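> Predicted model and sequence below, questions to follow.
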Amino acid sequence: MCSKKVDQPDSINQDPQLNMIPATDRELGQLIVAEANYDRWSNFLFPHSKSGDIYGRRKKQWSVTLPDGAEKSARIEVIPAQDEKSYTTKSYDVFLAVTEIWKSRGMTDQVMEIHLGDIAKILDLKENGRVVNMIMDELRCLYDTKVSWVFSFHSSDTKEDTYKNQRVLDTFDYVQKAERNHGKTKTTCSIRLSEHIRLNIKNKITIPVNFAARKKIRSSIAKALYSRLDNLLIQNPIYERRALGLIDDLNITPGRYRYKSQRKILLQTLQKNLHGAEMSRLGLRILVDIKETSDGKDWKCIFRTNESPTVTQTISPKSELLKPAEEVDYLYDLIKKRVGTNVKHIDSFHLLAQIYDKELINLVINEWKETTSKNSAITDPQKYFINLMHHIIHKKGIEWINPCESHCKYRPENMLF
């Protein structure tokens with residue numbers, strides 16, 4: 001096989017493998033973007049299902065300094081409906097699923113009609129009576145529960161950070177429709193996310209979430225901690241927390257973990273569920289160690305990150321944390337202008353703009369333009385752009401957004417002629 005000069009640009013005409021890239025496929029695993037405020041405080045807003053706090057008001061309060069120098073008391077207060085529970089980790093999963101459906105429908109401001117089976121599918125659950133009832137309960141909870149944000153809600157409008165009695169859903173209603181000739185019913189809901197949530201997502205006040213990794217976590221206690229760790233470990237490479245501190249963070253009943261041995265079992269449960277869990281950024285994973293505290297009175301978890309090894313990893317993509325926001329916006333707009341806008345792929349376009357540089361993105365755009373102009377069989381050109389970029393990134397020895405195994409079909413060695 002003849003080797004190609006390193007400085008020679010890739011060309012579709014010289015590389016028949018590119019014509020074998022499928023035009024449709026799963027998009028970037030399930031990296032999604034979530035509304036920033038709800039995800040940032042997810043361990044407080046969406047505790048585990050056995051938390052004793054979900055049947056009453058609860059409040060988190062701290063001091064903040066406003067841009068004008070004034071000292072204020074910030075708080076978040078969760079207010080459930082009378083005699084009803086408030087949010088849990090299940091509520092947040094359903095919230096994320098509804099958000100994905102809303103984005104796939106063009107981020108409309110109108111009320112949407114959603115079949116509960118569509119939500120179950122996004123959650124990787126089989127549609128049956130138990131699952132439909134669970135989803136219905138969580139949707140009702142997202143509608144009934146209110147949250148008051150006082151000097152604590154970040155939005156595109158920097159003048160406004162206080163919202164009282166905000167709901168995740170400002171509309172929720174459902175009907176059961178009989179299927180003809182089958183005697184079955186389909187439950188369909190009329191839903192709309194609240195205005196503040198819709199505006200924040202449209203204005204990119206968001207946080208990336210690895211939804212696929214989140215759904216793999218079975219323990220609701222570990223799931224409540226997962227998003228918080230994902231946010232913390234991006235800023236700090238290591239995070240230590242004593243068991244007693246985690247019990248407080250996660251709203252766990254202290255009496256159940258009175259003894260040190262019981263607290264160790266709790267940490268082992270967290271370790272079992274979170275060790276090796278993929279994070280939202282650049283293939284990082286959460287690693288969890290358990291050690292006894294220096295005073296011998298408790299156990300502690302040591303959380304850190306480590307990039308997953310891959311077969312062809314020789315270059316790491318640029319981190320979005322090091323790229324100025326204006327550069328990300330420029331590249332994002334460039335992709336949309338040249339490749340076209342499709343609401344199904346806007347999250348992926350934004351992630352590509354965050355991580356990869358202008359030279360690489362322009363190279364892929366030029367390759368994409370040449371191929372799509374000649375191949376009328378490509379029915380989803382925006383999706384094809386993502387797949388093409390995936391392939392070219394592997395060819396250049398750069399790591400893809402999500403860690404790829406050796407059998408990834410976009411690696412040159414795995415592609416068929």
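Arrived safely, thanks for sending. Numbers count the residues shown, from 1 in each chain.
> Quick one: the strands in the stretch 201-350 of the chain, in order.
Using DSSP state E, counting those that start in this stretch, the strands of the stretch 201-350 of the chain run over residues 206-210, 238-242, 284-292, 299-307.
> Oops, could you answer that again for the stretch 1-150 of the chain instead?
Under DSSP E, counting those that start in this stretch, the stretch 1-150 of the chain gives strands at 31-35, 58-65, 71-79, 112-115, 146-150.
> what's in contact with the third one?
Right, the one you point to is strand 71-79. 41, 44-45, 57-66, 86-87, 145-152, 165 (Cβ atoms under 8 Å, 6 or more residues apart in numbering). For glycine as for every other residue, the C-beta is placed from the backbone atoms N, C-alpha and C.
> repeat that for 6 Å
Here strand 71-79 makes contact (Cβ atoms under 6 Å, 6 or more residues apart in numbering) with 57-62, 64-66, 86, 146-152.
> Restrict those residues to the buried ones and give me that as a ChimeraX selection.
Buried residues within the contacts of strand 71-79, by 16 or more other Cβ atoms under 10 Å, are selected in ChimeraX with:
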select :58,86,146,147,148,149,150,151,152
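> Just the helices from the stretch 1-150 of the chain, written as ranges.
For the stretch 1-150 of the chain, the helices defined by DSSP state H, counting those that start in this stretch cover 36-40, 42-45, 89-104, 116-122, 129-144.
> Compute the mean per-residue pLDDT across the shortest one, please.
Helix 42-45 carries an average pLDDT of 89.
> try stretch 124-135
Mean predicted lDDT for stretch 124-135 stands at 90.
> next one: stretch 167-180
pLDDT averaged over stretch 167-180 gives 76.
> show me where pLDDT drops low in the stretch 101-250 of the chain?
156-160, 175-185 (pLDDT under 70).
> Specify the stretch among the strands of the stretch 1-150 of the chain that is closest to residue 295.
Using Cβ to Cβ as the measure, strand 58-65 is the one of those that comes nearest residue 295, at 27.4 Å.
> That closest one vs strand 71-79, what angle?
160 degrees (axes from the mean of the first three to the mean of the last three Cα atoms, to 10 degrees).
> So what are the sheet partners of strand 58-65 and their directions?
Here strand 58-65 is paired, per DSSP bridges, with strand 71-79 (antiparallel).
> what's the angle between the strand it pairs with and helix 129-144?
140 degrees.
> Now strand 71-79: buried residues?
For strand 71-79, by 16+ other Cβ under 10 Å, it's 74, 75, 76, 77, 78, 79.
> contacting residues for the most centrally placed residue in the chain?
The centre of the chain sits closest to residue 209, judged by Cα atoms, centre = their mean, with a distance of 1.7 Å. Going by Cβ under 6 Å, 6+ apart, residue 209 touches 32, 34, 280.
> quick one: which of these is nearest residue 355?
Closest to residue 355, out of all of the contacts of residue 209 and judged by Cβ to Cβ, is residue 280, at 11.7 Å.
> what's the burial count for residue 253?
Residues near residue 253, counting by other Cβ atoms under 10 Å, number 11.
> didn't it look like it was pressed against residue 52?
Yes - in this structure, residue 253 is within contact of residue 52 by Cβ atoms under 6 Å, at 5.3 Å.
> so what's the residue nearest to the centre of the chain bridging to?
The partner residues for residue 209, given DSSP bridges, come to residue 32.
> and the gap between it and residue 60?
For residue 209, the distance to residue 60 (Cβ to Cβ, to the nearest Å) stands at 21 Å.
> If you count neighbours, what's buried in stretch 45-59?
Of the residues in stretch 45-59, those buried (16+ other Cβ under 10 Å) are 45, 46, 47, 48, 51, 53, 54, 58.
> Between all of those, which two are separated the most?
48 and 58 (13.8 Å).
> mind checking which helix or strand the closest residue to residue 392 other than its chain neighbours is in?
Leaving aside its sequence neighbours, residue 392 sits nearest to residue 364 (Cβ to Cβ, 6 or more residues apart in numbering; 5.6 Å). Mapping residue 364 onto the secondary structure by DSSP states H and E places it in helix 358-374.
> Could you export that helix as PDB, CA atoms only?
Extracted in PDB, the C-alpha atoms of helix 358-374 (Å, rounded to 0.1, in the frame of the first residue of the first chain):
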ATOM      1  CA  LYS A 358     -11.300  25.800  12.300                       C
ATOM      2  CA  GLU A 359      -8.900  24.200   9.900                       C
ATOM      3  CA  LEU A 360     -10.300  20.700  10.500                       C
ATOM      4  CA  ILE A 361     -13.900  21.800  10.300                       C
ATOM      5  CA  ASN A 362     -13.300  23.700   7.000                       C
ATOM      6  CA  LEU A 363     -11.600  20.600   5.600                       C
ATOM      7  CA  VAL A 364     -14.600  18.400   6.400                       C
ATOM      8  CA  ILE A 365     -17.000  21.000   5.000                       C
ATOM      9  CA  ASN A 366     -15.200  21.100   1.700                       C
ATOM     10  CA  GLU A 367     -15.200  17.200   1.500                       C
ATOM     11  CA  TRP A 368     -18.900  17.100   2.400                       C
ATOM     12  CA  LYS A 369     -19.800  19.700  -0.200                       C
ATOM     13  CA  GLU A 370     -18.000  17.800  -3.000                       C
ATOM     14  CA  THR A 371     -19.700  14.400  -2.000                       C
ATOM     15  CA  THR A 372     -23.200  15.700  -1.500                       C
ATOM     16  CA  SER A 373     -23.200  17.600  -4.800                       C
ATOM     17  CA  LYS A 374     -22.500  14.300  -6.600                       C
END
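> Whatever helix or strand comes next after it to helix 358-374, inter-axis angle?
Heading C-terminal from helix 358-374, the first helix or strand you meet, by DSSP H and E, is helix 381-395. Counting by the same axes, to 10 degrees, helix 381-395 lies at 130 degrees to helix 358-374.
> helices or strands up against helix 381-395?
Helix 381-395 sits against helix 358-374, with contacts defined as 3 or more Cβ pairs under 6 Å, 6 or more residues apart in numbering; DSSP states H and E.
> pLDDT on the helix it packs on, on average?
Per-residue scores along helix 358-374 average to 89.
> How far does that helix sit from its chain's centre?
Distance, stretch centre to chain centre, for helix 358-374: 28 Å (Cα atoms, centre = their mean, to the nearest Å).
> Give me the distance between residue 146 and residue 169.
11 Å.
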